[in-house]
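> Return atomic coordinates for the entry below.
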Amino acid sequence: MNILKFFEKLFPKPDMSTNLIKVYYQCQRCKNVFELILRKSYDIQSTYGETPDYAFLYQKELRDPKCFNTIRVKIFFDQHYNILKHEIQGGKLITPEQYAELRENVSQ
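Coordinates of the predicted model:
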């Protein structure tokens, strides 16, 4: 048992939360809110220096499960994965605080 603890200390589990970015959005039609979890290593595309305006891009068409509205999302990130700008059709980005408040109102 002590050997296992020794190896756990020697090789700690990586913190997966550093690889994730949470983005919150709201459907324009039904006002439903969502939490979108993006993986830096998979969901977000590098631009490889092709454009000086941004370093990474997330681009997706999302479907609202409640009203089946299509939400087209483009989010532009800098080299530190900070959101520089976004383009969303059919919905809007909201803050984590707005998301929590709206989710709370729905559950009541």
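> helix/strand/coil for Y99?
Secondary structure state of Y99, per DSSP: H, G, I helix; E, B strand; the rest coil, is helix.
> any idea how far it lies from K74?
According to Cβ to Cβ, to the nearest Å, Y99 and K74 sit 20 Å apart. Quick note: C-beta positions are derived from backbone N, CA and C, even for glycine.
> Of the two, which one has the most company?
Between Y99 and K74, Y99 has the larger neighbour count (other Cβ atoms under 10 Å), namely 19 against 13.
> At which residues are the strands of the chain located?
20-27, 33-39, 45-46, 56-63, 70-77, 83-89, 91-94 (DSSP state E).
> got the ones you listed as CSV, with distance to N105 and mean pLDDT columns?
What follows is the strands of the chain, written out as CSV (distance: least, Cβ to Cβ, whole Å; pLDDT from 0 to 100):
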stretch, distance to N105, mean pLDDT
strand 20-27, 12, 92
strand 33-39, 10, 91
strand 45-46, 35, 90
strand 56-63, 22, 93
strand 70-77, 20, 93
strand 83-89, 22, 92
strand 91-94, 13, 92
